[in-house]
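[1] requesting a structural model of the entry that follows:
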Amino acid sequence: MEKLIVHGGYRLRGAVSIGGSKNAVLPILAASLLTDEPVHICRVPDVSDANYMLQILLQLGADVERSSGIARIQCTKDKISSSASYEQVRKMRASICLMGPLMARLGKCTLPLPGGCVIGDRPVDLHIRAIQALGAQVEIHQGNLHIHAPNGLKGTTVDLRGENGPTVLGTDNLMMAAVLAEGTTVIESAACEPEVVDLANFLNNMGAKIEGAGTSRITITGVEKLHGCVHTVIPDRIETGTFMVAAALMGDGVTLRNVCRDHIQDISRLLTECGHKLEFNEEGDTVTITPSKDWKSGKITTAPYPGFPTDMQAQMTALFALTPGISIVKDTIFPQRFMHCSELKRMGADIKVDQGTAIITGVEKLSGAPVMASDLRASAALVLAALAAEGTTEIRRLYHLDRGYEMIADKLLSIGAAVKRSVDLEP
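    Now for the predicted structure:
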């Protein structure tokens with residue numbers, strides 16, 4: 001097992017290229033199951049979640065080639081299995097998005113209930129309800145979902161609103177199931193995230209008929225078959241936001257390339273309100289961040305897109321830990337997603353958490369300490385805090401970070417940070 005050693009206090013300057021979106025690429029990879037023809041997916045990030053998904057596709061019988069950020073996948077129907085392995089599926093929750101394409105293609109599937117980060121209750125009941133609405137029968141036995149549609153999938157209207165708002169993966173799953181279903185499917189209360197739009201664009205490139213992606217109402221008209229295509233994954237807006245916070249904390253003029261201005265408007269607005277300067281180029285695909293000399297506290301309430309993303313609240317908590325004044329972070333999506341706060345407090349942060357809300361009183365400095373990541377975005381928050389802390393921080397459970405950040409240590413080194421990966425000999 002590896003750990004990340006960060007020597008704090010080094011100023012950051014230079015440029016970083018943002019990779020393809022982890023949250024967009026996973027359902028896109030799964031959607032390759034929908035056609036016999038080869039698909040070419042460009043800008044596939046080298047992160048463990050994407051690697052797991054490619055391994056699952058191989059285990060299911062797909063032909064997979066990968067090089068230089070491009071994945072070539074071909075899923076010939078007579079070679080594809082309808083059952084996924086627990087050893088692969090347990091490693092990430094996004095593996096649930098195999099349900100839609102397997103049901104559309106084969107009319108049956110067996111999927112172990114998935115794993116992933118422990119950041120609170122994230123049930124799959126909406127996924128099950130959606131596939132049942134299309135005519136599938138679902139049984140849960142010995143930790144496995146057994147699903148089949150003896151009469152095929154039929155289009156219908158499905159409302160996907162959950163207790164904490166629309167479900168992104170649920171919307172993805174239903175879109176993929178519906179593209180080959182008979183008739184028309186209407187998704188009400190659909191997720192509006194850019195990653196959903198990217199999947200819809202990929203499916204339409206394959207010959208699907210999807211309208212309304214990016215709105216709360218998506219209409220899918222089923223077609224008989226899909227074909228291969230070439231698709232480039234959108235930039236990762238959470239990686240973008242993470243490096244924007246790094247630049248706000250310790251930057252001396254940091255430029256981020258391959259970004260999408262439209263996808264990070266709420267993050268940009270918050271950083272600007274806190275006093276930091278953002279300069280985008282005319283195309284909106286490059287941004288330079290200059291930290292403020294007069295930081296201001298801020299307030300966040302996470303919400304479905306286009307609101308402030310829950311995947312950025314931990315990173316902003318790290319920034320607020322050193323921002324003068326009192327900042328407030330409320331997570332309405334995952335109210336239990338504050339395990340990083342106890343580790344930040346080990347570094348000297350002043351944070352009080354109560355019922356899904358963190359109240360952060362900015363301190364003058366943080367001190368390096370041994371800390372432990374509890375999930376993907378918590379690990380990013382600890383890296384950010386370590387960059388600004390006095391002394392050395394050792395971050396354990398680095399596998400969480402590798403799930404969603406492509407070569408983050410190398411990227412930080414390239415702009416002046418003092419970081420290195422090391423083998424963690426402790427259990």
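[2] Three-state assignment for the nearest residue to residue 355 once chain neighbours are set aside, please.
    Once flanking residues are discounted, residue 355 sits nearest to residue 335: 7.0 Å by CB to CB, 6 or more residues apart in numbering. Any C-beta I mention is one placed from the backbone N, CA and C, and that applies to glycine too. When classified by DSSP: H, G, I helix; E, B strand; the rest coil, residue 335 comes out as coil.
[3] would you confirm that residue 335 contacts residue 353?
    No. Using CB atoms under 8 Å, residue 335 makes no contact with residue 353, being 9.9 Å away.
[4] any shared contact partners between those two?
    Overlap of the contact sets of residue 335 and residue 353 (by CB atoms under 8 Å, 6 or more residues apart in numbering) is empty.
[5] and the helix or strand bottoming out on mean pLDDT in the chain, what's buried?
    For the chain, counting by mean pLDDT, DSSP states H and E, helix 86-89 ranks last in confidence among helices and strands (a mean of 78). Across helix 86-89, burial judged by 16 or more other CB atoms under 10 Å covers 88-89.
[6] next secondary structure after that helix?
    The helix or strand immediately downstream of helix 86-89 is helix 99-106, counting by DSSP states H and E.
[7] report the buried residues of the helix or strand that comes right after that next one.
    For helix 99-106, the following helix or strand on the C-terminal side (DSSP H and E) is strand 108-112. Residues 108-112 are the ones in strand 108-112 that count as buried (16+ other CB under 10 Å).
[8] farthest-apart pair in these, please.
    Spatial extent of these (CB to CB) is set by the pair 108 and 112 at 15.2 Å.
[9] would you map the helices across this structure?
    Taking DSSP state H to define them, one finds helices in the chain at 22-31, 48-60, 86-89, 99-106, 125-133, 168-178, 194-205, 237-250, 265-273, 313-320, 339-346, 376-388, 399-402, 408-414.
[10] look up phi and psi at the residue lying farthest from the centre of the chain.
    No residue in the chain sits farther from the centre than residue 151, which is 34.5 Å out by CA atoms, centre = their mean. Dihedral pair for residue 151: phi -110, psi 20, per degrees, to the nearest 10.
[11] ok, it touching residue 134?
    No. Shown here, residue 151 and residue 134 do not form a contact pair, counting by CB under 8 Å, at 10.5 Å.
[12] isn't residue 202 up against residue 31?
    Yes. At 6.2 Å, residue 202 counts as touching residue 31 under the criterion of CB under 8 Å.
[13] what residues does stretch 288-303 touch?
    165, 244, 247-251, 253-256, 270-271, 273-279, 307-310, 313, 316, 320, 322-333, 362.
[14] so who does residue 66 touch?
    By CB under 8 Å, 6+ apart, residue 66 lies in contact with 44, 54, 72.
[15] quick check: it vs residue 23, distance?
    As judged by CB to CB, to the nearest Å, residue 66 and residue 23 stand 19 Å apart.
[16] residue ranges with poor pLDDT in the chain?
    Within the chain, the ranges that satisfy pLDDT under 70 run 115-123, 426-427.
[17] 80 instead, please
    Counting by pLDDT under 80, the chain has low-confidence residues at 87-93, 114-123, 163-165, 424-427.
[18] nearest residue to the residue nearest the centre of the chain in space, ignoring adjacent ones along the chain?
    By CA atoms, centre = their mean, the chain has its centre lying nearest to residue 23, at 3.6 Å. Closest residue to residue 23 apart from its sequence neighbours, by CB to CB, 6+ apart: residue 195 at 4.7 Å.
[19] correct me if wrong: the one you found contacts residue 235.
    No. With contacts counted by CB under 8 Å, residue 195 stays clear of residue 235, the gap being 11.0 Å.
[20] domain ranges for this protein?
    Following automatic domain parsing, one gets these domains for the chain: 2-16+235-423, 25-232.
[21] from the middle of its chain, how far away would the first one be?
    In terms of CA atoms, centre = their mean, to the nearest Å, the centre of domain 2-16+235-423 is found 15 Å from the chain centre.
[22] how long is it from one end to the other?
    End-to-end distance of domain 2-16+235-423 (CA to CA, to the nearest Å): 4 Å.
[23] and for residue 257, the neighbour number?
    Neighbours of residue 257 under the rule other CB atoms under 10 Å: 13.
[24] distance of residue 41 relative to residue 65?
    Taken as CB to CB, the span from residue 41 to residue 65 is 11 Å.
[25] shared neighbours of the two, which are they?
    Common neighbours of residue 41 and residue 65, using CB under 8 Å, 6+ apart, are 71-73.
[26] what is the neighbour count of residue 283?
    For residue 283, the neighbour count with other CB under 10 Å is 8.
[27] tell me the phi and psi of it?
    According to degrees, to the nearest 10, residue 283 has phi -80, psi -20.
[28] where's it relative to residue 262, distance?
    Distance from residue 283 to residue 262, by CB to CB: 11 Å.
[29] again with residue 56
    31 Å.
[30] which of those two has more neighbours?
    Using other CB under 10 Å, the more surrounded residue of residue 56 and residue 262 is residue 56, with 21 against 10.
[31] which ones among the contacts of stretch 288-303 map onto strands?
    In strands, judged by DSSP state E, the following of those are found: 251, 253-256, 277-279, 326-330.
[32] apart from its chain neighbours, what residue comes closest to residue 112?
    Among residues not flanking residue 112 along the chain, residue 86 sits closest, at 4.1 Å (CB to CB, 6+ apart).
[33] who's in contact with residue 160?
    By CB under 8 Å, 6+ apart, the contact list for residue 160 reads 126, 130, 166-167, 170-171, 174, 187-191.
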